[in-house]
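S.K.: Build me a model from this:
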Amino acid sequence: MLPISRPLTCASLAAALVAFSAAGQAREAGSDDAAQIRRTSFGIPHIVAKDERGLGYGIGYAYAEDNLCLLANEVLTVNGQRSRYFGAEGVTLEQRANLASDLFFTWLNKPAAVDGFLQAQPGAVRELLQGYANGFNRALAERRRQGLPAECGDGQWVRPISSEDLIKLTRRLLAEGGLGQFAEALAGAQPPKQAAQQAAQSFDVAMAQQQRFAFERGSNAVAVGAERSANGRGLLLANPHFPWVGGMRFYQMQLTIPGKLDVMGAALPGLPVVNIGFNRHLAWTHTVDTSKHFTLYRLQLDPKDPTHYLQDGKSVPMAQETISVTVKAADGTLHQVDRQVYSSNFGPIVQWPGRLDWDTQAAFSLRDANLDNTRVLQQWYRINRADSLGELRGSIEQLQGIPWVNTLAVDAQGTALYLNQSVVPYVDQQLLSECGDPAGQGPLVVLDGARSACRWKVDAQAAQPGIFPAAMLPSLERSDYVQNSNDPAWMTNPAQPMMGFSPLISRSDQPLGMRGRFALQRLQGNTKLSVDDLQRMVLDDQVYLADLVLPDLLQWCKGEGQDVQGVCSSLADWNGKADLDSGVGLMHFQNLFEALASDPQSWRVPFDPADPQHTPRGLAVEQASVRKLLHDAALASMQQVAKAGVAPGRRWGQIQQAADGTPVPGGPQQLGVYNAMFSVPNGPGKRLVVSGTSYLQLVSFTEQGPQARGLLAFSQSSEAGSAHFSDQTKAFAAKQLAPLPFTEAQIKADPGYRQYAISERDKAAVASQP
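M.R.: Reported below is the predicted structural model:
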C-alpha cells in the first residue's frame with residue numbers, strides 16, 4: 001500500500017484558525033521565542049527550541065492542545081486524589097477501584113520519594129520537566145478561557161501541574177512492570193484478625209489486570225542489518241502494542257535543539273523525551289521483556305505477633321505508616337480514610353486472598369527493583385541524542401535506566417542490535433537454589449525472607465545495588481537481523497542462540513509465542529528485505545496459528561454432526577486473517593483455540609526445545625479426547641457468539657471498532673496475529689479496541705538520511721472535538737501509512753504545515769487568568 005500524505009480539510013483548517021485566534025498568546029515565530037511549534041499532517045508537532053527549558057515548554061504546550069484532560073486525569077490518579085472528586089466506588093480507566101488506586105499512589109509517591117527522584121536528575125532533565133509543566137499550564141489557562149473540552153467534565157479536578165507531578169507519572173511508569181500490578185494487594189494488606197473481609201471481586205479484577213499486562217503492553221520489533229536489507233543499510237520496524245487510552249497512550253512528536261538534539265518518534269504522557277523513535281544516525285524501539293523485575297519474600301512471622309517477622313532468628317517489627325486519602329461521599333461531603341501500610345526490610349507487605357495470604361504463620365513482602373531507578377528519564381534523553389549505535393549501547397550499559405523492556409536498534413550503516421538490558425534483580429541460579437524455587441518457575445519468584453543471606457546480590461559494576469550488572473545481561477549485534485515479540489532472549493536470532501542466564505533474566509526451555517514464530521518464519525532465508533516487507537508483516541493481518549492447525553480443524557469437521565456445522569461452515573469460509581473482511585470464523589477459531597490451550601496434549605507434535613521454531617504444531621484430531629474437547633468447545637462457541645449478538649454473516653470490521661466506530665483490523669496476539677489487538681465487548685455485536693498496535697514506525701536509512709513512514713493507530717488527540725481524534729485511525733483501517741517528515745525540507749513541504757511560537761515571557765499574563 002502506498003504511503004499517503006493528506007492536507008488539512010476545510011473543517012480542520014477552520015477549527016485550527018478558531019483555536020489560534022482564541023489562544024491569544026500564540027504568535028508568529030521569532031528567533032527569541034522559547035519554542036517554535038510546527039504542525040504537519042495529522043497534527044504532528046515538530047518542536048524547536050534553543051535549550052531544554054524551551055523545548056519542554058513547547059512539548060507541554062503542544063501536548064495540552066491535544067490531550068489536556070487525559071494528562072490532567074493521570075495527574076489526579078498518580079496524586080491519589082480520585083476518591084476526592086469521584087468517590088471511592090468509582091474506577092480508573094484500568095477498572096481499578098478509586099480508593100485502592102489512591103491508597104497505592106499516595107504510598108508510592110510520598111513527598112520524600114518524589115523529591116529524591118527529582119534531585120537525582122541532571123540539570124538538563126530538570127529543565128525539560130519544568131518547561132513541560134509551565135507549557136502545559138499556559139495551555140490550560142488558555143483553554144479555560146475558551147472552555148475546557150468535554151472530556152474534562154466539570155473541570156473542578158483539572159489544575160496546573162508541576163515538575164513533581166511529572167515525576168509521579170514517571171514513577172507510575174516504573175512500577176508498571178512490578179508493584180503497580182499489586183496495588184490492591186498493597187492497599188488491602190492488614191494483619192490477621194484485624195482485617196475486614198476483603199472484596200474478592202476487586203482481586204478478581206486485579207488478577208485479570210495482571211494477566212492482561214503482557215497482552216496490553218506487548219510489542220513487535222525487527223531490526224534489519226546491512227546483510228539482509230535491500231539497500232545495504234539499516235531498517236527498523238517498531239510495532240509497540242500499548243493501551244489506546246490513559247497514561248500509557250503514545251504521542252507523536254519531533255524534538256529539536258539545534259546542534260544538540262534532533263529526534264522524532266513517540267512518547268508517553270508527561271515524558272519530555274522520545275521513548276521510541278529515530279534520529280539521523282539510528283532508530284530504536286522497545287518490546288516488553290520476559291525478565292522479572294521484582295521478587296516476593298515469604299516472611300516467617302513471630303508466633304507472638306503477626307506484625308513481627310523472624311530474620312536470622314531474631315524478631316523484627318514491621319514498619320508501619322498511615323496513608324490518608326480524602327473521599328467524597330454520596331452527599332458530596334468529604335471525609336478521610338486512613339489505612340496502615342506495613343513493610344519489611346524487603347519492601348511493602350502485599351496480601352492477596354487465596355494467593356498471598358497474611359495469616360499467623362506467614363506474610364509476603366514485595367521488592368521492586370525499579371522503585372530505585374531514578375535514571376529512566378536521563379536514559380531516554382541520552383538515547384535521543386546518541387549519534388552512533390555504540391553510544392546508545394554504552395549509555396544503556398552505563399546508566400541501566402531501561403525499566404522493563406528490551407531495546408532493539410539499528411544504525412545507518414546497517415548494524416542491528418538487541419539488548420535485554422532492563423532493571424533485573426540480581427538473583428542468580430545459586431541464590432534461587434538456596435532461597436527459592438531452583439527452576440524459577442511460575443509468574444512469581446518467592447524467596448526466603450527468614451534469612452538475610454537471601455537478599456539480592458550486589459555487584460559494584462551495577463548502576464544500583466541489587467540488580468544484575470550490564471555485563472551479565474543478554475546483548476547481540478548482527479549484520480542480518482534481530483527481532484523480538486515478547487519472547488525471552490534466546491531466539492532473538494536462531495543463528496546465535498543466547499542461553500545460560502538466570503531464570504529471572506531469560507529462559508530457553510519454554511515455547512516461543514506465536515508472534516515470535518511468525519516473525520522468524522517471515523525472516524528466514526537470505527532474501528533481501530525492504531520497508532514494504534516489514535510493513536506487510538503487520539498489515540497482512542495473518543493469523544499464524546491458522547497455518548498450523550486450521551487444516552486439522554477442517555478435517556475434524558468432516559466427521560462431526562449437524563450440531564456444530566455452524567462453526568465448521570464459518571471456519572471453511574474464513575480467510576485465515578484478522579482483517580476487516582474476515583468472517584465470524586475468526587471468533588470461533590479463537591474460542592476453539594482457548595479451549596485447546598487448556599490441554600497441552602492436544603498438539604500432535606509437542607514442544608521440543610531443540611526445535612522451538614516449529615513446535616508445537618498440528619492438532620491430534622485422531623484422538624477421541626481431542627475430538628470431544630473440540631466438539632464441546634464448538635457448541636460453547638456458538639452460544640457465546642450468539643449471546644454476544646454477532647450474526648453469522650458479520651465481518652470483523654463490523655465487530656471490532658475504535659471508540660468513534662472506525663473499523664479496526666488486527667486480532668488476538670495469542671493466535672499469532674502480528675498486528676495484535678485487544679478488544680472487549682462493547683454492546684451487541686461490537687468489540688471496543690482498548691490496546692494493541694499503537695505507534696507504528698518503519699525507518700529506512702538512505703544516502704539522504706532516514707526515511708520514515710508510520711502512524712499512531714488511535715490518532716494524536718484523545719478529545720472527540722479535535723480534528724485529530726480519529727484521522728490516523730481511519731488511515732490505519734485503510735492500511736495507509738503516512739510519511740513522517742523529519743528534515744526541514746520535508747516538514748515545510750508537508751501539505752498540512754503550519755507554525756506558531758510561544759514564549760515563557762507570556763507566563764505572567766497567563767497565570768493571572770482564572
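
S.K.: can you map out the helices along the stretch 651-770 of the chain?
M.R.: Counting by DSSP state H, counting those that start in this stretch, the stretch 651-770 of the chain has these helices, from start to end: 652-655, 727-733, 744-749, 763-767.

S.K.: between the ones you listed, which gets nearest to residue 406?
M.R.: helix 727-733 (24.5 Å; Cβ to Cβ). Where C-beta positions appear, they are placed from N, C-alpha and C, glycine not excepted.

S.K.: which of the residues in the closest one are buried?
M.R.: In terms of neighbour count (16 or more other Cβ atoms under 10 Å), helix 727-733 has its buried residues at 727-729, 731-733.

S.K.: Likewise for stretch 610-628?
M.R.: Buried residues in stretch 610-628, counted by 16+ other Cβ under 10 Å: 612, 615-617, 619-621, 626-627.

S.K.: Render the CA-only coordinates of that stretch in CSV, please.
M.R.: Once non-C-alpha atoms are left out, stretch 610-628 reads as follows in CSV (Å, rounded to 0.1, in the frame of the first residue of the first chain):
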residue,chain,number,x,y,z
ALA,A,610,15.6,-28.4,20.2
ASP,A,611,13.2,-27.1,17.6
PRO,A,612,11.4,-24.1,19.1
GLN,A,613,10.7,-22.5,15.7
HIS,A,614,8.4,-25.3,14.6
THR,A,615,7.0,-26.9,17.7
PRO,A,616,4.4,-27.4,19.0
ARG,A,617,2.3,-27.9,15.8
GLY,A,618,-0.7,-29.8,14.4
LEU,A,619,-3.8,-30.9,16.3
ALA,A,620,-4.2,-34.5,17.3
VAL,A,621,-7.7,-34.8,16.0
GLU,A,622,-7.2,-38.5,15.6
GLN,A,623,-7.5,-38.8,19.4
ALA,A,624,-11.0,-39.2,20.8
SER,A,625,-10.3,-36.9,23.7
VAL,A,626,-9.3,-34.1,21.4
ARG,A,627,-12.4,-34.6,19.2
LYS,A,628,-14.6,-34.4,22.3
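
S.K.: And that stretch, how far out from the chain middle?
M.R.: Distance of stretch 610-628 from the chain centroid (Cα atoms, centre = their mean, to the nearest Å) equals 32 Å.

S.K.: Same check on stretch 73-91?
M.R.: Using Cα atoms, centre = their mean, the offset of stretch 73-91 from its chain centre is 22 Å.

S.K.: And residue 46, how close does it get to residue 626?
M.R.: Distance of residue 46 to residue 626, computed by Cβ to Cβ, to the nearest Å: 56 Å.

S.K.: what element comes up after the lengthiest helix in the chain heading to the C-terminus?
M.R.: In the chain, taking DSSP state H as the definition, the longest helix is helix 52-78. Where DSSP states H and E defines the elements, the next helix or strand beyond helix 52-78 is helix 82-86.

S.K.: That following helix packs against which elements?
M.R.: Applying 3 or more Cβ pairs under 8 Å, 6 or more residues apart in numbering; DSSP states H and E, we find helix 82-86 packed against helix 98-108, strand 319-328.

S.K.: Turn those into JSON lines, columns for mean neighbour count.
M.R.: Shown next, in JSON lines, are the helices and strands packed on helix 82-86 (neighbours: other Cβ atoms under 10 Å):
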{"stretch": "helix 98-108", "mean neighbour count": "25"}
{"stretch": "strand 319-328", "mean neighbour count": "15"}
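
S.K.: Now residue 343. Nearest residue, chain neighbours left out?
M.R.: residue 319 (4.5 Å; Cβ to Cβ, 6 or more residues apart in numbering).

S.K.: Quote the end-to-end distance of stretch 565-583.
M.R.: Stretch 565-583 has an end-to-end distance of 15 Å (criterion: Cα to Cα, to the nearest Å).

S.K.: what does that stretch contact?
M.R.: Identification of contacts with stretch 565-583 by Cβ atoms under 8 Å, 6 or more residues apart in numbering yields 540-543, 546-547, 550, 553-554, 557, 560, 584-586, 588-589, 592, 634, 637-638, 648-653, 663, 665-668, 671, 673, 675, 677, 733.
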